[in-house]
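1. Have a look at this fold, sequence not included:
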């Protein structure tokens with residue numbers, strides 16, 4: 001962020017990070033969509049078996065961000081409240097919750113950055129993708145970025161991402177407000193995300 005600001009590649013911007021529970025990352029970041037599935041007894045049983053917790057907390061997490069974190073930031077910092085100036089961004093499960101944040105609060109977050117989005121969540125991931133055609137926001141006021149690598153966990157992502165790309169394009173997203181990139185040789189690792197983050201920020205912060 002500092003180097004991009006010094007080079008005048010982005011407007012003055014602040015970064016706000018929120019703490020996540022190390023043992024509840026999947027439960028906090030997996031979108032609660034479709035509701036009828038994620039609240040079912042079967043889903044609770046599968047979550048308990050796979051994570052140790054029997055429910056998802058992503059709706060509560062996003063409510064916390066929007067009713068506590070953002071009001072605090074807007075009170076004590078001079079920031080724009082325009083959706084186009086507010087981006088949400090994350091990697092892996094953080095990619096899922098960033099997309100979900102833009103979907104659930106489209107008048108708050110105009111842009112989302114999703115690096116190495118972890119689509120293949122057992123049982124719930126497929127249902128979430130299938131629900132996207134009815135729930136992603138209109139393309140006119142939003143911009144989104146996806147990417148993925150070809151090694152380690154990322155090597156499994158391409159078929160899912162290509163399906164998601166087709167869904168967004170069917171909703172009117174195009175080259176001006178949608179990017180989906182494949183990075184040959186990149187794995188599921190912070191070192192690779194660090195290499196990719198600058199162009200993502202430039203893309204999302206310059207409307």
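-> Yep, it's here. Being a predicted model, the structure only gives us computed values, none of them experimental.

2. can you count the residues close to residue 27?
-> Other residues lying near residue 27 total 21 when counted by other CB atoms under 10 Å. C-beta coordinates here come from the backbone N, C-alpha and C atoms, glycine included.

3. OK, contacts around it?
-> Residue 27 sits next to 47, 51, 53, 55, 56, 57, 58 when contact means CB atoms under 8 Å, 6 or more residues apart in numbering.

4. Helices - which of those residues land there?
-> 47, 51, 58 (DSSP state H).

5. List the residues that contact the second one.
-> When you say that, I think you mean residue 51. Applying CB under 8 Å, 6+ apart, the residues near residue 51 are 24, 26, 27.

6. Would you mind checking which of these is nearest to residue 78?
-> residue 24 (33.5 Å; CB to CB).

7. residue contacts, that closest one?
-> Contacts of residue 24 by CB under 8 Å, 6+ apart are 51, 53, 57.

8. Between the ones in helices among the contacts of residue 27, which sits nearest residue 68?
-> Nearest to residue 68 among the ones in helices among the contacts of residue 27 is residue 58, at 15.6 Å by CB to CB.

9. Look up how far residue 91 lies from the closest residue to residue 188 other than its chain neighbours.
-> Leaving aside its sequence neighbours, residue 188 sits nearest to residue 153 (CB to CB, 6 or more residues apart in numbering; 3.7 Å). Look at residue 153 and residue 91: by CB to CB, to the nearest Å, they are 11 Å apart.

10. residues bridging contact with those two, i.e. touching both?
-> residue 116.

11. Residue 64: neighbour count?
-> Count around residue 64 with other CB under 10 Å applied: 14.

12. my bad, should have said residue 155
-> Count around residue 155 with other CB under 10 Å applied: 13.

13. Relative to residue 104, which of the ones in helices among the contacts of residue 27 is nearest.
-> The closest of those, once distances to residue 104 are taken by CB to CB, is residue 58, at 8.7 Å.

14. about what we covered before: closest one of the contacts of residue 24 to residue 189?
-> Nearest to residue 189 among the contacts of residue 24 is residue 51, at 22.2 Å by CB to CB.

15. Check which residues of the helix or strand where residue 193 lies are buried.
-> Using DSSP states H and E, the element containing residue 193 is helix 190-205. The neighbour-count check on helix 190-205 (16 or more other CB atoms under 10 Å) flags 192, 193, 196, 197, 200, 201, 203, 204, 205 as buried.
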